[in-house]
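> coords please:
(chains A and B)
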Amino acid sequence: MRISLGFTLASAIVFLCEANPPAAAAQTGRTAAAADRASGVVQVSRRWFDNPARAGELAGRILATGAPSTYQVISIAIPDQLPRRGEGRVEIVARDGFTILGTRKWSLAALAGKNKVIAIVGIPANAHAGLMTAADVRFYVAGAPTVSLSIEIDISLLRELAVRLHSAPLRARAGGRLTFSYELVNSGNATESPETSVTSPRGWKTTQRSGASVVVEPGESVGRQVVVTVPRDAGTGSFFLRLDVLSAGVVRSSIPVAVEVVDGLSRQASAGPEITIAVARAIDASGRGNTITTTSVRGPLFDSVRIDARFSSGATDLAQHSQALSRLGAYRMTPTLVLSAPAGRLALGAAGRSFTDLTGLYAFGRGAAIDLHRQGWHLIGLGAMSNASPSSGKSQPLLGLRGDVDVGPIRLMSSLSHLRGGDQSGRQLDAAGFGATVDAGLSTTLQGEVARRRFAGGSGTGWSGEIARGDSRNRASVRVTRAPGGSEAFARAVSEVVANVTQTLSRRLNFSGSTWRSSDATAAFARLVSSGWAIRPEYRIHSSTTIALEAHSTELSASTTAGQFGSAGDYGGAERQIGVSVNANVRQLYVSGSVAGGSVSRTVGKNAATSSKRGSPRLWWNSMASWRGSNSVVELQGRMEEMRDLAGAVKRQSQLSLRGSQSLPSSTGRAASADWEVQQIRGYTARPTTVVRAGVTLPVTTAMAVKLYAERNPLFTSSAGQSPWTYALRIEHSTRVPMVRAPGTSGYVYRDLNGNQKRDDGEPGVDGAVVGRGSGTAVTDANGRYRLAGNTRLPIVLDEASLPLGLVRETTGSPDIAVGSSLSAEIRFFVAPRSAIDAVEVDLSELRAIARDASGREWVGRMTAPTVAVFDGLPPGSYTLELDLTGVAEPLIPRVPLPLLRVTPFEPSFVTVILDPRPLRIWRAEPVAGQSAPREITAPAGSGGVSGSVPPGSAARR
Amino acid sequence: MSSRRGLLLALGIAVLAGCLQPTDTGVSSVSVAGRWRYSAVQTGPLGETLEGTMVISQSGASFQGSLSATSTSAETGETRSVAGTLSGSAATASAIDFDVSLEQMPRRHVGQLAGDMLSGTWLRPSDQGVAASGTFSARRLPQ
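Prediction:
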């Protein structure tokens, strides 16, 4: 109970009583009393009146002010009219709820020579606001009229309306309902009539069961309930509602209410992959149609093994049909099966891998690709056949293997490949390579590789090296590659030098830049050389606004091989551009714009005499604005490019796009969605080209959905030169099947009643606890049991927010998870005296005590007494202690080793920590010959001494 | 001072705008207008074939139009449809130079015209080098 003592004599009364005071004086007195009441000073009426309750008595009033839970000291002058002789007494009698401290009764004799008595009136904590009679004072003298005074206290208004949530944390599933309770507690002294409102995320519904208005009397509390309906399309995770308490439209209190939405399927932890079968058909105005059927299987097969399989049948003979069907997710594909697990990945069907820069990049075919990794090694392999050539019908092999192994700080790599891209591609390579990556320290990595490469028409030794330094924010690298055979032998180019740098120069300024040169040769190009540089300094004007300068220069030079391009076998080009771009994000609005100017030049021809060269300045701008709501997006984009007449370029071209999407919750639990786009392209044809497309997805049931799509795209033309509308329809059905075997991990979440961290008979399970491991999640049943998939190498994580209030996890590392009531523990500090006679009083209120458990989790204690820190909600276990004394004014050192804090449910948990004063600085203030400054002497802890400094010339004091 | 700066700025804009005005629309006896059966082979870094239709309109030496095609991966056989705009110049029959915007960076085609056959090479620059290159041919379809 909190009681403060109002103790100001300024607010005590000065009792003035006059018998039959003049009317004018009475009027003056009332005015003064009112003024004084406003300022909190107690006043007394100045007019006696006949007590209507008791004939023959004189009555009066004393007015005081005060707040609940305070004491008021009231000085009561003894009336001059009271005879001071004979028998008599003075009594103070408290009214209901009020208390009188100290003497309540005096005899007349005891008051001899005194002209006042003191009453200490305690105002109860629940006293209502307003004028209340707190006590009566009666003066009795034999033979004289009794003088009676009532002490009236104008109790000040105290408005305290608190909100207490009862049922946190809250959990619900998508599409479910929950009810949460809260209490409005009026700890003030006036009747409160607030209104309450609940704000929820879009799509959620809330109902206040007892309406929005409520009346709460002082000292009372009113329980309330809110029903929350979670939309079916709500994602998992934490969502926040806001409970506002308002008076006269003004928010007096506002608290967030967290709701954890858990996976609606998580109880079905054994739910396996989802099989989706879809039929899609595209038609146009001519009546021609194409149909594609697709089947996909995706999801967990068992434990941490997932499957992703797809295959399709059907064909499209029109590009616009193919385009429309692909917009609905239906396209011809190579049958593919991918099995993935934490230790690796196996792809069957369409399979591809890149080995190294020298032993093969971008090798894709039909077959199998495998990726295995363990601590310290990594293996990838490919065994596939290239697509059969339509002309020869031949398929060719794509075989390769790469292994990496860690040897100390060095990663060794070896790879072998035999790659044939097929007749149409013409790519081929046989290579064997060896390389290493070394962590050279100072955030620097060195990488090198050498490989023997044999390709169509030759062979050679390739090599590559890279030095990289930095981290994710600041990084610089230089890579040099020499790969004979070039891009037709599964490399990027024959030779390549690339340097990149990304640097954070200050909190606001970033810089990135690159320069490169690559040279290649293919069947079509005897020489293909590209070089250039780019820089981009970016300045962050505001947390959501950046401006960047962008400049780049590129040059290209190509020589075609004989037969590919007649005699004029050379061509090239150059481009230089400088511009500025701005990006800003204002709440849901994202705006970006860039403008650039530069020059473009192109040459066609073998030499200066026969070549044609054209150059042009170029202006270019691009801007975009998009608005993102919780379920919708609208985006407007425009760009324009203008240049003088130039080979291979339109003089002025522009493009304007407006697109949007909207998703809406539906009763099936799957969101309906719609998207659309209108795009206008100018510059390429006499009239603007307008592309219109729109699609809608309608869930019919929880398992079935229909998708519709329409597009008119003049870029696709029919044989008649028209661009008709193309329509597409997709009907899909999804079914989730069980895992091929139940998840391998099961366990219990249970109440560990005896604290032994083992599940004993009679210890109940915890219903509804959420556990997870990697991508797998599960919720315990009524017995506390769960079955969990996911990566078995990862620890099982218990979401403690899903536990009933007051419970915390006690154990780690076991599928059976013990939970118990959280406990409190104390650290009692003892500050060692500096000497036997010098007790130290130190303010430890700013001391920070931290308890850390075995897994590194931290709890911060709070100082509840001058020398006691308390930890609330500690799970049972052992904790190491850390103390932060930087906030403590007095220099102190904790005596080490700090004790271990052991928390058990069986006995109070506390430890004592001794704090020693630090070595003290003693300033000898006596002047020393030849010195004017004081000397400093350091004294060890406990040796006594004087703290502080004394100016030169003054005497040191102890 | 500020008026002088404004004058210089206006002058600069006028000069730049002047530079951007067409100075040479060109006169060409080479006609590439019409519908073309287009095919292209990408040889590096991935194998790919492109089969489709070009529609071209011409004004002087400049021409513009569109290309729609089906792309097939040479190695996996997977297909996708693509469509984009094209523009270029046909100053002489031996220097047909045009860009096709199928991806973010346009594919530059340079070829020669022989009757109703157009053939040559193409390449697609990237941010750091050449992303893809190959050969192409096109046959003009009858009107």
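> and the gap between the residue nearest in space to the middle of chain B and residue A:674?
Taking Cα atoms, centre = their mean as the criterion, residue B:99 is the residue nearest the geometric centre of chain B, at 1.6 Å. Applying Cβ to Cβ, to the nearest Å, the value for residue B:99 to residue A:674 is 35 Å. C-beta: built from backbone N, CA, C; applies to glycine.
> ok, for the residue nearest to the centre of chain B, nearest residue in space, not its chain neighbours?
Nearest non-adjacent residue to residue B:99, counting by Cβ to Cβ, 6 or more residues apart in numbering or on different chains: residue B:106, 4.0 Å away.
> Now do the contacts for the one you found.
For residue B:106, the contacting residues are B:99, B:100, B:124, by Cβ atoms under 8 Å, 6 or more residues apart in numbering or on different chains.
> Which one of the residues you listed is nearest to chain A?
Using Cβ to the nearest Cβ, residue B:99 is the member of the contacts of residue B:106 that lies nearest chain A, at 4.9 Å.
> quick one: that closest one and residue B:124, what's the gap?
10 Å.
> What of residue A:904?
Taken as Cβ to Cβ, the span from residue A:904 to residue B:124 is 70 Å.
> So for these two, which sits in the more crowded spot?
residue B:124 (19 against 13; other Cβ atoms under 10 Å in any protein chain shown).
> what about the closest residue to residue A:505 other than its chain neighbours, helix or strand, and which?
In space, residue A:505 comes closest to residue A:511 once its chain neighbours are excluded; the distance is 5.8 Å by Cβ to Cβ, 6+ apart. Assigned by DSSP states H and E, residue A:511 falls within strand A:509-520.
> do the same with residue A:462
strand A:458-470.
> Likewise for residue B:139?
strand B:129-140.
> And residue A:748, by the same measure?
Counting by DSSP H and E, residue A:748 is part of strand A:745-751.
> Just the mean pLDDT for that strand, thanks.
Averaged across strand A:745-751, pLDDT comes to 85.
> which other helices and strands contact that strand?
strand A:770-773, strand A:785-788, strand A:817-821 (3 or more Cβ pairs under 8 Å, 6 or more residues apart in numbering or on different chains; DSSP states H and E).
> now with 10 Å?
Other elements packing on strand A:745-751 under the criterion 3 or more Cβ pairs under 10 Å, 6 or more residues apart in numbering or on different chains; DSSP states H and E are strand A:770-773, strand A:776-779, strand A:785-788, strand A:807-809, strand A:817-821.
> mind checking which of those strands is nearest chain B?
The nearest among the helices and strands packed on strand A:745-751, by Cβ to the nearest Cβ, is strand A:776-779 at 32.0 Å.
> and the longest strand for chain B?
The longest strand of chain B (DSSP state E) is strand B:79-92.
> Off-centre distance for that strand?
Computed by Cα atoms, centre = their mean, to the nearest Å, the chain-centroid distance of strand B:79-92 equals 5 Å.
> And stretch B:48-59, by the same measure?
10 Å.
> In that stretch, which residues are buried?
Residues B:48, B:49, B:50, B:52, B:53, B:54, B:55, B:56, B:58 are the ones in stretch B:48-59 that count as buried (16 or more other Cβ atoms under 10 Å in any protein chain shown).
> Can you tell me which helix or strand of the chain has the lowest average pLDDT?
With no chain named, the answer covers chain A. helix A:23-38 (a mean of 36; mean pLDDT, DSSP states H and E).
> where do the helices sit along chain B?
B:2-20 (DSSP state H).
> which intervals of it have sub-threshold pLDDT?
B:1-29, B:44, B:75 (pLDDT under 70).
> what's the answer for the stretch 1-150 of chain A, then?
A:1-58.
> if we go to 80?
Within the stretch 1-150 of chain A, the ranges that satisfy pLDDT under 80 run A:1-59, A:68-69, A:79-86, A:125-126, A:143-145.
> circling back: right, so of the helices and strands packed on strand A:745-751, which gets closest to residue A:528?
Taking Cβ to Cβ as the criterion, strand A:776-779 is the member of the helices and strands packed on strand A:745-751 that comes nearest to residue A:528, at 49.7 Å.
> burial count for residue A:857?
Neighbours around residue A:857, by other Cβ under 10 Å: 12.
> residue contacts, it?
A:809, A:851, A:875, A:877, A:879 (Cβ atoms under 10 Å, 6 or more residues apart in numbering or on different chains).
> now swap in residue B:136 and tell me
Residue B:136 touches A:524, B:38-42, B:50, B:54, B:100, B:107, B:109-111, B:118-122, counting by Cβ under 10 Å, 6+ apart.
> who does the spatially closest residue to it that is not a sequence neighbour bridge with?
Of all residues beyond its chain neighbours, the one nearest residue B:136 is residue B:40 (3.9 Å), with distances taken as Cβ to Cβ, 6+ apart. Beta-bridge partners for residue B:40, by DSSP bridges, are residue B:50, residue B:136.
> And for residue A:678?
Beta-bridge partners of residue A:678, as defined by DSSP bridges: residue A:658, residue A:692.
> and the gap between it and residue A:231?
With Cβ to Cβ as the criterion, residue A:678 and residue A:231 are 30 Å apart.
> Who has more neighbours out of the two?
With neighbours defined as other Cβ under 10 Å, residue A:678 and residue A:231 compare such that residue A:231 has more, 20 against 14.
> List just the nearest of the buried residues of stretch B:48-59 to residue A:495.
Nearest to residue A:495 among these, with distances taken as Cβ to Cβ, is residue B:48, at 23.9 Å.
> Spatially, what comes nearest to the closest one if we skip its sequence neighbours?
That would be residue B:42: by Cβ to Cβ, 6+ apart, it lies 4.0 Å from residue B:48.
> which residues does the one you found contact?
Taking Cβ under 10 Å, 6+ apart, one finds A:424-425, A:487, A:524, B:48-50, B:71, B:73-74, B:107, B:122-124, B:131-136 in contact with residue B:42.
> Give the buried subset of those residues as a PyMOL selection command.
The PyMOL selection below is limited to those of the contacts of residue B:42 classed as buried (16+ other Cβ under 10 Å):
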select buried, (chain A and resi 424+425+487+524) or (chain B and resi 48+49+50+71+73+74+107+122+123+124+131+132+133+134+135+136)
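> Surely residue B:64 and residue A:686 touch.
Yes: with contact defined as Cβ atoms under 10 Å, residue B:64 reaches residue A:686; the gap is 8.8 Å.
> Mind checking which of those two has more residues around it?
Between residue B:64 and residue A:686, counted using other Cβ under 10 Å, the more crowded position is residue B:64 (21 against 7).
> if I look at that one, how far off is residue A:619?
19 Å.
> do the same with residue A:454
Residue A:454 is 49 Å from residue A:619, by Cβ to Cβ.
> do residue B:136 as well
Counting by Cβ to Cβ, the gap from residue B:136 to residue A:619 is 30 Å.
> and residue A:110, that one's in a helix?
Yes: counting by DSSP: H, G, I helix; E, B strand; the rest coil, residue A:110 is part of a helix.
> In this structure it contacts residue A:90, no?
Yes: between residue A:110 and residue A:90 there is a contact at 8.9 Å, judged by Cβ under 10 Å.
> Tell me the residues that contact both of those two, please.
By Cβ under 10 Å, 6+ apart, the residues touching both residue A:110 and residue A:90 are A:103, A:117.
> Neighbour count for those two, which is higher?
residue A:90 (24 against 13).
> and the residue nearest to residue A:515 when sequence neighbours are not counted, what element?
Using Cβ to Cβ, 6+ apart and skipping the chain neighbours, the partner closest in space to residue A:515 is residue A:533 (4.1 Å). Assigned by DSSP H and E, residue A:533 falls within strand A:525-542.
> Which neighbouring elements make contact with the helix or strand just after that strand?
Sequence order places strand A:545-560 as the next helix or strand after strand A:525-542, per DSSP H and E. Under the contact definition 3+ Cβ pairs under 10 Å, 6+ apart, strand A:545-560 sits against strand A:509-520, strand A:525-542, strand A:570-586, strand A:589-604, strand B:107-114, strand B:117-126, strand B:129-140.
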